[in-house]
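Enquirer: Sequence and predicted model, in that order:
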Amino acid sequence: MSAIIHPTAIVHPDARLADGVEIGAYSIIGEYVEIGERTWVGPHVVMTGHTRIGRENRIFQFSSLGEAPQDKKYSGEPTRLEIGDRNTIREFCTFNVGTVQDAGATRIGNDNWIMAYVHIAHDCQVGHHTTFANNAQLAGHVHIDDWVVLGGYTGVHQFCRLGAHVMTAVGTVILQDVPPYLMAAGNTASPYGINVEGLKRRGFGADSITALKRAYRAIYKSGLMLEEAREKLEEMAKEAPDVQLFLDFLDVSRRGIIR
């Protein structure tokens, strides 16, 4: 089955549309865009730049994907936006291509649920199975690991990193890295324990959650310096492998963690 293109849509003849792609009314698809099988593009969507979109995505009206980054250093280099499979992208989302000062690509993985008015800036790296509530905003160079949930109006400062299974409350402002498994809230963000309910939904057992709570207390409640807490986590990880994710995160954290 070939692509289904509404007669009012404008699709560049060099754009690559796989079988089963649907392009809605008045949407514009640029020259270097690639769209995978059975992806649905609603009306009034603009896709430009070197943008590659996987299969079975749903992209709702008035979204802008692959536009030039909001970075004064950008000079038209052929940087990219790469979106995986089975993502839902709701109304008025804006995702920009990367810059040559970083990876050269903005990347969004698979099975993400991205609500209206979300902005994902240049060079962001978003994992799989995330949920971004309405108006969540990522500045440039942000890394979001798998299973993160961003509450509505969460704002993330450039170069910050959020570890796997993090959950933020509505209106959270993140200026430093957030370790995995945490709940964070406030302006600026503070830690509020382990994301227990989220972990239970994803199949973490009682023993694993208890170990993660102990790791959290070592970092945030023990009064230890971070390096001292790290030593305790190394011992815990020998018996509880899920704690290792804390240690791996601390290895790559560059902005310091919320405390």
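Expert: That came in fine, so what should we check first?
Enquirer: Give me the distance between the residue nearest the centre of the chain and G193.
Expert: The structure's the chain has its C-alpha centroid closest to V126; by Cα atoms, centre = their mean the separation is 3.1 Å. V126 sits 24 Å away from G193, taking Cβ to Cβ, to the nearest Å as the criterion. From N, CA and C alone the C-beta is placed, and that goes for glycine too.
Enquirer: Assign Y216 to one of the three secondary structure states.
Expert: helix (DSSP: H, G, I helix; E, B strand; the rest coil).
Enquirer: That one against L182, yeah?
Expert: Yes. Y216 sits in contact with L182 when judged by Cβ atoms under 8 Å, with a separation of 7.3 Å.
Enquirer: overlap in contacts of these two?
Expert: Residues touching both Y216 and L182 (Cβ atoms under 8 Å, 6 or more residues apart in numbering): 191, 193-194.
Enquirer: top of these by neighbour count?
Expert: I194 (23 neighbours; other Cβ atoms under 10 Å).
Enquirer: hang on, it packs against P180?
Expert: No. Using Cβ under 8 Å, I194 is not in contact with P180; the gap is 9.7 Å.
Enquirer: where do the contact lists of those two overlap?
Expert: Joint contacts of I194 and P180 (Cβ under 8 Å, 6+ apart) do not exist.
Enquirer: dump the residue contacts of A103.
Expert: 123, 125.
Enquirer: Also S64?
Expert: With Cβ under 8 Å, 6+ apart, S64 has these contacts: 45-46, 48, 93-95.
Enquirer: swap in L212?
Expert: 181, 194, 199, 204, 240, 242-243.
Enquirer: Am I right that it falls within a strand?
Expert: No. Looking at L212 with three-state DSSP, it is helix, so not inside a strand.
Enquirer: quick one: it and A184, what's the gap?
Expert: Taken as Cβ to Cβ, the span from L212 to A184 is 15 Å.
Enquirer: cool, and F132?
Expert: Applying Cβ to Cβ to F132 and A184 gives a distance of 15 Å.
Enquirer: now I5
Expert: For I5, the distance to A184 - Cβ to Cβ - is 43 Å.
Enquirer: Ok, F95 next?
Expert: 23 Å.
Enquirer: thinking again about what came up before, take the contacts of S64 and keep only those in strands.
Expert: Secondary structure from DSSP state E places 46, 94-95 of the contacts of S64 in strands.
Enquirer: By neighbour count, which of these wins?
Expert: F95 (26 neighbours).
Enquirer: Can you give me the distance of the residue nearest to that residue when sequence neighbours are not counted to R90?
Expert: Among residues not flanking F95 along the chain, I120 sits closest, at 4.5 Å (Cβ to Cβ, 6 or more residues apart in numbering). With distances taken as Cβ to Cβ, I120 is found 13 Å from R90.
Enquirer: Next: V126.
Expert: Distance from V126 to R90, by Cβ to Cβ: 15 Å.
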